[in-house]
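Chemist: A predicted structure for the sequence below; I have some questions about it.
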Amino acid sequence: MSLLKKKKRKEAEIPTSSMADIAFLLLIFFLVTTTIDVDTGIGMVLPPKLEEDVEPPPIKERNVLKILVNEQGLVLVEDQPSAVQLIREEVKKHVLNNGADPRYAEETGKALVSIKTARQTPYESYVSVLDEVWMAYFEMWDAEARALGYPDYGAYVNAIDEQDAENAIRDKIKAAISIAEPDAA
């Protein structure tokens, strides 16, 4: 009787020699293709700096709507306490006044909104005031676009972009916002 010995089989192995290479390539792929949101702040186009020998243009006090945000985040419009939610209507009254009320601008093209803060003003307060001022302008532009027969200002912008035309609404109602520097402490 002969006993046949069974040969021991080698167990199957998964080749792992290139596993590190594959993991490294995947890591590089995901690092390259992933976008990381970066807070870029408030996007604003600043006017060019005046040369030293050039005087700034004269502006009548009547044409300037002064908004002050103090250290506690409280808002003063023309030195009167106000809520942030009321700024939008004040800006619209000021810009669209056309000389009717002596407290507001003489005409739309001369209206200016000045926002001034203290050095310790909370950033959130400043941004909420600036947002309200911009929203006032967007609402005025939207109303003007509707008067011209467009559903809204966005549709107007799309139409003039297709025609490579000038933005007559923005020429009529200019967003004149002055960000005044805080007083030295």
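Modeler: Everything's here; your move.
Chemist: going by C-alpha atoms from here, please, whenever you check contacts or count neighbours.
Modeler: Will do.
Chemist: where does this structure have low pLDDT?
Modeler: 1-5, 46, 183-185 (pLDDT under 70).
Chemist: break down it into its helices, ranges please.
Modeler: All helices of the chain, identified by DSSP state H, fall at 19-33, 87-95, 123-147, 153-163, 168-172.
Chemist: okay, these in CSV with mean neighbour count next?
Modeler: Below are these laid out as CSV (neighbours: other C-alpha atoms under 10 Å):
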stretch, mean neighbour count
helix 19-33, 11
helix 87-95, 21
helix 123-147, 18
helix 153-163, 14
helix 168-172, 13
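Chemist: tabulate these in TSV, adding columns for distance to Glu107.
Modeler: As requested, the helices of the chain are arranged in TSV below (distance: least, C-alpha to C-alpha, whole Å):
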stretch	distance to Glu107
helix 19-33	52
helix 87-95	7
helix 123-147	14
helix 153-163	22
helix 168-172	10
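Chemist: which one, of those helices, ends up nearest to Gly43?
Modeler: helix 123-147 (11.8 Å; C-alpha to C-alpha).
Chemist: report the distance from that closest one to the chain centre.
Modeler: In this view, helix 123-147 has its centroid 11 Å away from the chain centroid, taken as C-alpha atoms, centre = their mean, to the nearest Å.
Chemist: helices or strands up against that helix?
Modeler: helix 87-95, helix 153-163, helix 168-172 (3 or more C-alpha pairs under 8 Å, 6 or more residues apart in numbering; DSSP states H and E).
Chemist: relative to helix 153-163, how tilted is that helix?
Modeler: In terms of direction (axes from the mean of the first three to the mean of the last three C-alpha atoms, to 10 degrees), helix 123-147 departs from helix 153-163 by 70 degrees.
Chemist: sorry, back to before: let me know which of the helices and strands packed on helix 123-147 is the nearest to Ile115.
Modeler: Closest to Ile115 of the helices and strands packed on helix 123-147, according to C-alpha to C-alpha: helix 87-95, at 11.1 Å.
Chemist: who's in contact with that closest one?
Modeler: If you take C-alpha atoms under 8 Å, 6 or more residues apart in numbering as the criterion, helix 87-95 is touched by 65, 77, 104-105, 107-108, 111-113, 129, 132-133, 135-137, 140, 173.
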